[in-house]
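quick one: sequence plus predicted model below, questions after.
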Amino acid sequence: MLFKLFKKKKDDLEKDDHYLTLRIRETVQETSDTVTIYFDQPDPIMDYLPGQFLTIIVEINGKQERRAYSLSTSPFVDPFPGITVKRLEGGLVSNFINDTFVPGKRVTVMKPLGNFTADYHSHNKRKYGMFAGGSGITPIMGIIKSILINEPKSEVNLLYCSRSQDMIIFEKTLKELADKYPGRLNVTHNLTQPKAGWEGASGRLNHEKVSEFFANYFNHFAENQRFFVCGPEGMMETAQESLGRLDVKKEFIHSESFYLEKDENQEDDPIEGVINRPVKILLEGEEYSFDVGPSKTILEAGLDEGLNMPYSCQSGLCTACRGKLLSGTVEMEEDAGLSDNEIKAGYILCCSAKPTSAEVKIQID
Ligand SMILES: Cc1cc2nc3c(=O)[nH]c(=O)nc-3n(C[C@H](O)[C@H](O)[C@H](O)COP(=O)(O)OP(=O)(O)OC[C@H]3O[C@@H](n4cnc5c(N)ncnc54)[C@H](O)[C@@H]3O)c2cc1C
Ligand code: FES
């Protein structure tokens, strides 16, 4: 069938292989503005890799909203999977979750996705450098726990930036892990707005701080080192740039962005000279055909047509909407979520891609 339209309601999503319904088991208030939501394991159990994220799907004011939240738990350590959600001032879903997610509630999610993870092996003798800021600790927490349990010869060094001491997410858990694994987990806290009496590092992350941390735990770059960076945009840029200046090879730095500032002027700009373009999507064994207008992305046009295309962040960061370009050309406003290898292999992000030729055909996994 060349042209088929259907709208998937929430009930239908539950029958779809990409989605799950999870029951909230427990909520734990981590700080005044951050909560961890633990879910019961469904049957069959939900497999995930440390550092992957769930897409939470909720209905607010009659509209379906989706947001990505990293699993802060480790499948090797924690019996129940959990996400940790920090309130964003004025944020729709983060506040909704903090206010309404209570034990017993059932939540529709997209199954775990994401490449921000490590390969774990008991023989590995690695040195890990973790740079986290604010809620960016969530995927890193799952990764740290997984390394400590799976790689007895590896060492983890964390530089964690928070606003003030009462805003440090997982402060107690990190301390307990550092005590349990002496010398194998070293935690440095850095506070941007410390209260009187704080004796640790303070101020914005800068090259001097990254260099000092690097000198303390790594000395010089070696191929058994791996670096993970997750946090606010400015903090991530500083960590990435500084690691580069310290001769750390790019392929040894793994990064995950939760949010990128957009240039509002460019957001809906049509691509010059582009008209409505016909696009074909191969999805769940069917082929669908629809037109994409000049200021729409392929995902927006597909959703307008009622297609059940997978997506989460809608900002080019999470790869939930990833597809393989089989023919034609597209232009992407944002491809931060894709690795160089994925781009070389022809993968695109439908939430960010606009067709720039006729005959665009995309295979969605
Ligand atoms: C792969 C991935 C994993 C993520 N994991 C987590 C996680 O583990 N924990 C967590 O708390 N969040 C996480 N996020 C962020 C989360 O998905 C939401 O973006 C965040 O909760 C804000 O959603 P909201 O509906 O509350 O805000 P919205 O209503 O979407 O946004 C309100 C306003 O704030 C701006 N904005 C949106 N997000 C941010 C931001 N992060 N920083 C600054 N301004 C912003 C928007 O442009 C808008 O103007 C993750 C995001 C991605 C892509
Ligand atoms: S929906 Fe997240 S990258 Fe497209």
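Cool, got the structure. Ligands and ions are numbered 1, 2, ... in the order given.

alpha carbons only: can I get stretch 49-67 in PDB?
Presented in PDB, the C-alpha positions along stretch 49-67 are these (Å, rounded to 0.1, in the frame of the first residue of the first chain):
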ATOM      1  CA  LEU A  49      21.900  -0.100  28.900                       C
ATOM      2  CA  PRO A  50      23.200   2.200  31.500                       C
ATOM      3  CA  GLY A  51      22.900   5.800  30.400                       C
ATOM      4  CA  GLN A  52      19.900   5.200  28.000                       C
ATOM      5  CA  PHE A  53      16.700   7.200  28.300                       C
ATOM      6  CA  LEU A  54      13.000   6.600  28.400                       C
ATOM      7  CA  THR A  55      10.600   8.800  26.600                       C
ATOM      8  CA  ILE A  56       7.700   9.600  28.900                       C
ATOM      9  CA  ILE A  57       4.400  10.200  27.200                       C
ATOM     10  CA  VAL A  58       1.800  12.200  29.100                       C
ATOM     11  CA  GLU A  59      -1.400  14.000  28.200                       C
ATOM     12  CA  ILE A  60      -1.500  17.600  29.500                       C
ATOM     13  CA  ASN A  61      -4.500  19.900  28.700                       C
ATOM     14  CA  GLY A  62      -5.700  17.400  26.100                       C
ATOM     15  CA  LYS A  63      -2.400  17.300  24.200                       C
ATOM     16  CA  GLN A  64       0.100  14.500  24.100                       C
ATOM     17  CA  GLU A  65       3.600  15.500  25.300                       C
ATOM     18  CA  ARG A  66       6.800  13.500  25.100                       C
ATOM     19  CA  ARG A  67      10.100  14.200  26.900                       C
END
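
what segments of the stretch 151-300 of the chain are helices?
Secondary structure of the stretch 151-300 of the chain by DSSP state H, counting those that start in this stretch: the helices cover 171-180, 207-217, 233-245, 298-304.

now do the strands in the stretch 151-300 of the chain.
For the stretch 151-300 of the chain, the strands defined by DSSP state E, counting those that start in this stretch cover 155-162, 185-191, 201-202, 225-230, 253-256, 277-283, 286-292.

so which of those strands comes closest to ligand 1?
Nearest of the strands of the stretch 151-300 of the chain to ligand 1, taken as C-beta to the nearest ligand atom: strand 253-256 at 5.9 Å. Bear in mind the C-beta positions are built from the backbone N, C-alpha and C, glycine included.

export that closest one to CSV, keeping only CA atoms.
Taking C-alpha atoms only, strand 253-256 is exported to CSV below (Å, rounded to 0.1, in the frame of the first residue of the first chain):
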residue,chain,number,x,y,z
ILE,A,253,34.8,11.8,24.7
HIS,A,254,31.1,10.7,24.9
SER,A,255,28.6,13.5,25.3
GLU,A,256,24.9,13.8,25.8
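
name the residues that touch it?
Outside strand 253-256, the residues that touch it by C-beta atoms under 8 Å, 6 or more residues apart in numbering are 51, 70, 114, 116, 118, 136, 139, 226-230, 236, 240, 243, 317.

again, only this time at 10 Å
51, 53, 68, 70, 114-118, 129-131, 136, 138-140, 143, 225-231, 236-237, 239-240, 243-244, 317-318, 336-337, 339 (C-beta atoms under 10 Å, 6 or more residues apart in numbering).

can you pull the residues of the stretch 201-350 of the chain lying near ligand 2?
For the stretch 201-350 of the chain, the residues in contact with ligand 2 (C-beta under 6 Å from any ligand atom) are 311-314, 316-321, 337, 349.

from those, which has minimum pLDDT?
Among these, residue 337 has the lowest pLDDT, at 87.

which residue does the stretch 1-150 of the chain have closest to ligand 1?
For the stretch 1-150 of the chain, C-beta to the nearest ligand atom, closest residue to ligand 1: residue 91, 2.2 Å.

hmm, that residue is touching residue 60, no?
No: with contact defined as C-beta atoms under 10 Å, residue 91 and residue 60 do not form a contacting pair (11.3 Å).

backbone torsions only: list them for the residue nearest to residue 353 when sequence neighbours are not counted.
Setting aside the residues directly before and after it, residue 353 is nearest to residue 330 in space (C-beta to C-beta, 6 or more residues apart in numbering), at 4.1 Å. Note on residue 330: its backbone torsions stand at phi -140, psi 160 [degrees, to the nearest 10].

neighbours of residue 330, how many?
Per other C-beta atoms under 10 Å, the neighbour tally for residue 330 reads 23.

do I have it right that it meets residue 292?
Yes: shown here, residue 330 and residue 292 form a contact pair, counting by C-beta under 10 Å, at 9.5 Å.

picking up where we left off before, what's the distance between the residue of the stretch 1-150 of the chain closest to ligand 1 and residue 159?
26 Å (C-beta to C-beta, to the nearest Å).

repeat for residue 95
Distance, residue 95 to residue 159, using C-beta to C-beta: 29 Å.

helices along the stretch 1-150 of the chain, start to end?
10-15, 92-100, 137-150.

deepest-packed of those, please.
helix 137-150 (a mean of 25; mean count of other C-beta atoms under 10 Å).

do that helix and ligand 1 come into contact?
Yes: using C-beta under 6 Å from any ligand atom, helix 137-150 reaches ligand 1 at residue 138.

what about residue 355, how many neighbours?
Neighbour tally, residue 355, other C-beta under 10 Å: 27.

OK, now which residue of the stretch 151-300 of the chain is nearest to ligand 2?
residue 299 (6.6 Å).

pull out the buried residues from the contacts of strand 253-256.
Among those, those buried by neighbour count (16 or more other C-beta atoms under 10 Å) are 51, 53, 68, 70, 114, 116-118, 129-131, 136, 138-140, 143, 225-231, 236, 239-240, 243, 317-318, 336-337.
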